[in-house]
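[1] sequence? don't have it. structure:
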Ligand code: EZ4
Ligand code: CO
């Protein structure tokens with residue numbers, strides 16, 4: 001009897017000396033808000049950056065990286081991005097989760113930065129080249145009353161925004177997600193910044209029935225004031241039950257929203273079936289998702305129109321690109337999360353990916369404060385309503401150690417909400 005000889009194991013070639021990861025550092029800084037950054041240096045001194053910021057849980061990711069990932073990276077081949085991703089994801093045994101996936105994202109993004117710098121190209125060129133001239137961005141207008149909201153929309157138009165998210169206060173509710181406490185930017189921070197520096201989270205209140213009564217009239221006013229063409233968006237921030245979300249989507253149909261975001265808590269994908277049956281208002285979801293599996297039902301059953309993940313929280317460029325490609329099969333487009341708690345590094349990665357993807361839809365933009373931009377110097381631009389990552393090799397972001405050192409970590413938390421009877425509600 002003859003037996004087929006088994007193939008001998010074949011090892012990948014050892015990395016070229018210059019491509020070996022020589023160092024990986026975890027950098028924590030707080031220029032107006034906390035950021036965690038991974039910096040990888042190769043044998044020949046090329047540097048790559050990755051964002052690992054998880055708002056309100058920053059030090060958990062810093063520890064995950066410092067204690068459990070950095071020791072595994074040193075000596076590995078910086079060119080092998082996919083292999084490193086799979087190694088970090090599968091070898092941990094404990095899969096998924098925001099801390100793990102933010103840590104993997106930082107490694108992945110830093111390695112893409114290195115690879116693009118090595119190639120002497122902006123990252124979007126390695127991802128297939130530009131599919132468009134720039135990325136349509138939306139900003140956050142809000143108001144404590146309708147006149148203040150209309151002023152805020154006007155100010156965003158003056159600043160160049162060509163798509164606007166509208167959040168409004170609600171009569172009878174003291175504090176509402178997305179509404180700035182000041183009518184204008186103050187202290188270098190953008191209008192609405194949910195995380196507060198404190199040792200415990202701030203408590204807010206909530207009343208879904210009051211919200212549902214109020215919001216459609218606000219959109220009617222905004223639509224009448226600014227005409228039919230301006231793309232308007234709204235974030236429900238996980239506060240509604242499915243039937244409530246369905247009702248809001250239906251009530252907003254006359255005002256032609258670009259999207260209704262996070263209308264129900266995101267972990268129950270099946271909830272979107274009910275919402276979808278009742279409304280043609282486009283739906284966006286996923287800023288708290290961290291893997292492709294969180295989108296599985298939503299994409300396969302075409303229950304959403306926009307994928308809200310971010311490079312920072314979904315396992316990096318490698319993973320978010322796969323999600324976007326899966327979405328493309330169903331004509332679902334991207335609308336990546338872009339709050340200030342995603343650092344300029346994470347933002348740059350999103351811009352390179354968005355520029356290259358065919359099914360890019362829109363990009364959220366909460367401008368970073370001047371102090372943040374002194375630590376993270378970025379080549380990205382915002383002109384005429386469009387974002388562009390710039391044409392420097394890599395991501396186009398550098399990290400200023402000296403500027404960063406002036407801003408040590410400070411505990412900060414997102415708020416949380418209680419109903420008027422004291423019950424904790426989704427925030
Ligand atoms: O509450 O980024 O669409 N944007 C949002 C954000 C999130 C924060 C959480 O860290 O919902 O304002
Ligand atoms: Co949101």
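    On my side now, so go ahead. From a predicted model like this one, the values you see are computed outputs, not experimental measurements. Ligands and ions are numbered 1, 2, ... in the order given.
[2] how far away is the closest residue to residue 30 other than its chain neighbours from ligand 2?
    Distance criterion CB to CB, 6 or more residues apart in numbering; nearest residue to residue 30, sequence neighbours excluded, is residue 407 at 4.5 Å. Just so you know, the C-beta spots here come from the backbone N, C-alpha and C atoms, and that holds for glycine as well. Using CB to the ion, to the nearest Å, we find residue 407 at a distance of 26 Å from ligand 2.
[3] who touches the residue in the stretch 51-200 of the chain positioned nearest to ligand 1 in this structure?
    For the stretch 51-200 of the chain, the residue closest to ligand 1 is residue 55, as judged by CB to the nearest ligand atom, at 3.4 Å. Contact analysis of residue 55 by CB atoms under 8 Å, 6 or more residues apart in numbering lists 34, 195, 339, 341, 414.
[4] correct me, but the second one touches residue 414?
    If I follow you right, that is residue 195. Yes: the criterion here is CB atoms under 8 Å, and residue 195 meets it with residue 414 at 5.4 Å.
[5] Comparing these two, which residue is more hemmed in?
    residue 195 (19 against 15; other CB atoms under 10 Å).
[6] tally of neighbours for residue 204?
    Count around residue 204 with other CB under 10 Å applied: 17.
[7] For the residue of the stretch 51-200 of the chain closest to ligand 1, which three-state class applies?
    coil (DSSP: H, G, I helix; E, B strand; the rest coil).
[8] Give me the phi and psi for it.
    When read as degrees, to the nearest 10, the backbone of residue 55 gives phi -50, psi 120.
[9] what do you get for residue 424?
    Per degrees, to the nearest 10, the backbone of residue 424 is at phi -70, psi 130.
[10] With residue 371 instead?
    Taking degrees, to the nearest 10 as the convention, residue 371 sits at phi -70, psi -40.
[11] Pull the most distant pair out of the contacts of residue 55.
    Within those, 34 and 339 form the most distant pair, 13.0 Å apart (CB to CB).
[12] Settle it for me: which of those two has more neighbours?
    Applying other CB under 10 Å to residue 34 and residue 339 shows that residue 34 carries more neighbours, namely 26 against 21.
[13] Show me which residues of the chain sit near ligand 2.
    The chain comes close to ligand 2 at residues 235, 287, as judged by CB under 5 Å from the ion.
[14] So which helix or strand of the chain has the lowest pLDDT on average?
    Lowest on mean pLDDT, DSSP states H and E among the helices and strands of the chain sits strand 196-197, with a mean of 92.
[15] for the contacts of residue 55, which one is nearest residue 218?
    For the contacts of residue 55, the nearest to residue 218 is residue 339 (21.9 Å; CB to CB).
[16] May I have the secondary structure class of that closest one?
    Applying three-state DSSP: residue 339 is coil.
[17] Which helix or strand contains the nearest residue to it once chain neighbours are set aside?
    Nearest residue to residue 339 in three dimensions, chain neighbours excluded: residue 366, at 4.9 Å (CB to CB, 6+ apart). Under the criterion of DSSP states H and E, residue 366 resides outside all helices and strands.
[18] Tell me the pLDDT of residue 366.
    Looking at residue 366, its pLDDT is 96.
[19] Then residue 183?
    Confidence score, pLDDT, at residue 183: 55.
[20] And for the one 5 residues further on?
    In the predicted model, residue 188 carries a pLDDT score of 47.
[21] Report the spatially nearest residue to the residue of the chain found nearest ligand 2, omitting neighbours in sequence.
    Going by CB to the ion, ligand 2 is nearest to residue 235 of the chain, at 4.3 Å. Ranked by CB to CB, 6+ apart and with sequence neighbours excluded, the top spatial neighbour of residue 235 is residue 261, at 4.3 Å.
[22] in the stretch 301-427 of the chain, which spans are strands?
    Along the stretch 301-427 of the chain, the segments classed as strands by DSSP state E, counting those that start in this stretch run 306-307, 333-336, 360-364, 376-378, 381-383, 386-388, 397-399, 412-413, 416-419, 424-425.
[23] follow-up on the earlier one: do I have it right that the residue nearest to residue 30 meets residue 371?
    Yes: between residue 407 and residue 371 there is a contact under CB under 8 Å: 7.3 Å.
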